[in-house]
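J.: Attaching a predicted model along with its sequence, questions to come.
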Amino acid sequence: IGKPLRNEKRDDEYIGALAEVLDIGKREQVDCVLVAGDIFDSVAPPPEAERIVFDFLRELIGARIPAVVIAGNHDHPRRMNAFSRVLDLMDVHVRGEPATAEEGGVIEIASRDGVETAVIAALPWVSERKVRDFESLFASGEHFAAYAEGVSAMLKHLARCFRPEAVNILLAHLFLSGAVVAPESGERPLHIGNLYAVNPQMIPSNAQYAALGHIHNPAQPSSFQLANAYYSGSLLQCDFGEAGQQKGVNIVDVSAGSKAKVEAVTLTSVRQLKNLGSHKQGLTLDEIRSVASETAGAYLKVFVKAERPVPGLAQEVRDLLPNAIDIVVEDVDRKGEEGSVDIGRQTPVELFMAYYADLHSGAEPPVELMSLFNHLYEEVTGAAH
């Protein structure tokens, strides 16, 4: 919540999508709402974004729908924990940082009729520092050689609280290896590399349903379902790499000892993003005029083909397409030029990798070096609190 599209604020869209989620929850008479992290776009969200989220939680409380909410890598973990002190009293259980089962890492929620109980193992985003903290407390001197080993140990620790007579659910914010991530999507590239990849086989086998956050695309390999693992995806299409993705929620019907039945429900209120043309295949002005009537309502990224620099070209495109958010002019005369990099379109990790490759004859930086870079970047941005 709070992420703009370029400079376009989307508060009304977030409000509309959350209202639709609430309506679905009431209609389906759900026993609990699970939110798998990245509540906000930033560790310091604007007040408007916080208002939108707390208004939604207020409506959930009024509808007597419990919720379990975990922090993602975009959220400030200690800020989330501060909110939890009050929200716990109203059956909204927020976990900002990884915690042991004894310290709140496992939450129990009763069904509406009081007949069944869900045991929910909650694992927010795990920074590398948290892996080391867990290692020192519970690994009995064992050193985790990789980030994934530490996360796997945390999952096993929480899963020990699962019971045969209960509904056992994992709620986690992590990156499963093999997950489909579109280029130019809203995820932070820093946290979707191999360094943070967790094998799907590490999902505890006694978890009847694993509700996962972090990846914005809900359409993932069918092999994930063998581990009962599902990404619900982001609430909106966050950037043009997500154009065409169907955003929605998962309705999960599960009882003790049974396999979960999962129904994906598409949100119909979500405003669509659309790409017109592509890199190296821009459209002429005549081609843009011919498709203008088909783009009403969608946010647009337009690739324009130009034989030479044309003053006022971008404005002419905006006059034809008022919803054009991003206009990329593809200069035909420069298509063959390689090595020209638009640093304004690259993330810090991409810039660092390109810098390293330039110094080392195209080689990729070692995992250890990228780990150090990630750690320093997290400290600077506040993501490692």
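T.: That came through, no problem. Residues are numbered from 1 along each chain as shown.
J.: From now on I want contacts and neighbour counts done on CA atoms only, so please keep to that.
T.: Will do.
J.: How far off centre is stretch 280-289?
T.: Here the centre of stretch 280-289 is set off from its chain's centre by 33 Å, with C-alpha atoms, centre = their mean, to the nearest Å.
J.: And the residue lying farthest from the centre of the chain, how far from residue 298?
T.: If you look at how far each residue of the chain sits from its centre, by C-alpha atoms, centre = their mean, the farthest one is residue 308, at 39.6 Å. Distance from residue 308 to residue 298, counting by C-alpha to C-alpha, to the nearest Å: 29 Å.
J.: What of residue 121?
T.: Counting by C-alpha to C-alpha, the gap from residue 121 to residue 298 is 39 Å.
J.: which one of the two has more residues nearby?
T.: residue 121 (29 against 17; other C-alpha atoms under 10 Å).
J.: quick one: terminal-to-terminal distance for stretch 216-231?
T.: 8 Å.
J.: what comes up buried for that stretch?
T.: Applying a neighbour-count criterion of 16 or more other C-alpha atoms under 10 Å, one finds 216-220, 224, 227-231 buried in stretch 216-231.
J.: and what of stretch 2-22?
T.: 2-3, 5, 10-11, 13-22.
J.: just stretch 61-77 next, same as before
T.: So for stretch 61-77, counting by 16+ other C-alpha under 10 Å, buried means 61, 64-77.
J.: Check stretch 159-175 too.
T.: Using 16+ other C-alpha under 10 Å as the test for burial, stretch 159-175 gives 159, 161-163, 166-175.
J.: Take those residues and keep only those in strands.
T.: 167-173, 175 (DSSP state E).
J.: Looking at those residues, which one is closest to residue 154?
T.: Minimum distance to residue 154 across those is 10.8 Å, recorded for residue 172 (C-alpha to C-alpha).
J.: Tell me who's in contact with the residue nearest to the closest one when sequence neighbours are not counted.
T.: Spatial nearest neighbour of residue 172, excluding adjacent residues (C-alpha to C-alpha, 6 or more residues apart in numbering): residue 123 at 4.6 Å. If a contact means C-alpha atoms under 8 Å, 6 or more residues apart in numbering, then residue 123 has 70, 95, 97-99, 105, 155, 170-173 as its contacts.
J.: so which of those residues comes closest to residue 281?
T.: Distance to residue 281 across the contacts of residue 123 (C-alpha to C-alpha) is lowest for residue 173, with 36.7 Å.
J.: partners of that closest one in the sheet?
T.: Here residue 173 sits in beta bridges with residue 213, going by DSSP bridges.
J.: so residue 165 touches residue 258, yeah?
T.: No. The pair residue 165 and residue 258 fails to qualify as a contact (C-alpha atoms under 8 Å) at a distance of 10.5 Å.
J.: What strand or helix carries residue 369?
T.: According to DSSP states H and E, residue 369 maps onto helix 367-381.
J.: List the buried residues for that helix?
T.: 370-371, 373-375, 377-378.
J.: Look up how far residue 118 lies from residue 254.
T.: On the measure of C-alpha to C-alpha, residue 254 and residue 118 end up 10 Å apart.
J.: In terms of neighbours, single out the busier of the two.
T.: Legend: neighbour count by other C-alpha under 10 Å for residue 254 and residue 118, higher for residue 118 (22 against 17).
J.: Who is that one paired with across the strands?
T.: Bridge pairing for residue 118 - DSSP bridges - gives residue 109, residue 167.
J.: residues contacting it?
T.: Residue 118 sits next to 108-111, 166-169 when contact means C-alpha under 8 Å, 6+ apart.
J.: what about 6 Å?
T.: Shown in contact with residue 118 (C-alpha atoms under 6 Å, 6 or more residues apart in numbering): 108-109, 166-168.
J.: Looking at these, spot the one nearest residue 322.
T.: Using C-alpha to C-alpha, the contacts of residue 118 come closest to residue 322 at residue 109, 47.9 Å.
J.: Local confidence estimate at the closest one?
T.: At residue 109, the pLDDT value in this model is 98.
J.: what's the burial count for it?
T.: The local packing of residue 109 (other C-alpha under 10 Å) involves 19 other residues.
J.: For the stretch 251-385 of the chain, give me the ranges with low pLDDT.
T.: Counting by pLDDT under 70, the stretch 251-385 of the chain has low-confidence residues at 331-347, 361, 381-385.
J.: all strands in it, in order from the N-terminus.
T.: In the stretch 251-385 of the chain, the strands defined using DSSP state E, counting those that start in this stretch lie at 261-266, 273-276, 299-306, 324-331.
J.: any idea how far the third one is from the chain center?
T.: It refers to strand 299-306. On C-alpha atoms, centre = their mean, the centre of strand 299-306 falls 26 Å from the chain's centre.
J.: ok, now stretch 249-268?
T.: Between the centre of stretch 249-268 and the centre of its chain there are 19 Å (C-alpha atoms, centre = their mean).
J.: for it, how far is the first residue from the last?
T.: Distance across stretch 249-268, first residue to last, is 11 Å (C-alpha to C-alpha).
J.: Could you give me the buried positions within that stretch?
T.: Buried residues in stretch 249-268 (16+ other C-alpha under 10 Å): 249-251, 254-256, 260, 262, 267.
J.: Tabulate the residues you listed in TSV, adding columns for distance to residue 314.
T.: Shown next, in TSV, are the buried residues of stretch 249-268 (distance: C-alpha to C-alpha, whole Å):
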residue	distance to residue 314
249	37
250	40
251	44
254	53
255	56
256	58
260	51
262	45
267	33
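J.: okay, stretch 9-19 in PDB with CA atoms only?
T.: Output in PDB follows, covering the C-alpha atoms of stretch 9-19 (Å, rounded to 0.1, in the frame of the first residue of the first chain):
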ATOM      1  CA  LYS A   9      -0.800   8.100  -6.700                       C
ATOM      2  CA  ARG A  10      -3.000   5.100  -6.400                       C
ATOM      3  CA  ASP A  11      -4.700   5.500  -3.100                       C
ATOM      4  CA  ASP A  12      -8.200   5.200  -4.500                       C
ATOM      5  CA  GLU A  13      -7.200   1.900  -6.200                       C
ATOM      6  CA  TYR A  14      -5.900   0.400  -3.000                       C
ATOM      7  CA  ILE A  15      -9.000   1.500  -1.100                       C
ATOM      8  CA  GLY A  16     -11.200  -0.100  -3.800                       C
ATOM      9  CA  ALA A  17      -9.200  -3.400  -3.900                       C
ATOM     10  CA  LEU A  18      -9.300  -3.700  -0.100                       C
ATOM     11  CA  ALA A  19     -13.000  -3.100  -0.100                       C
END
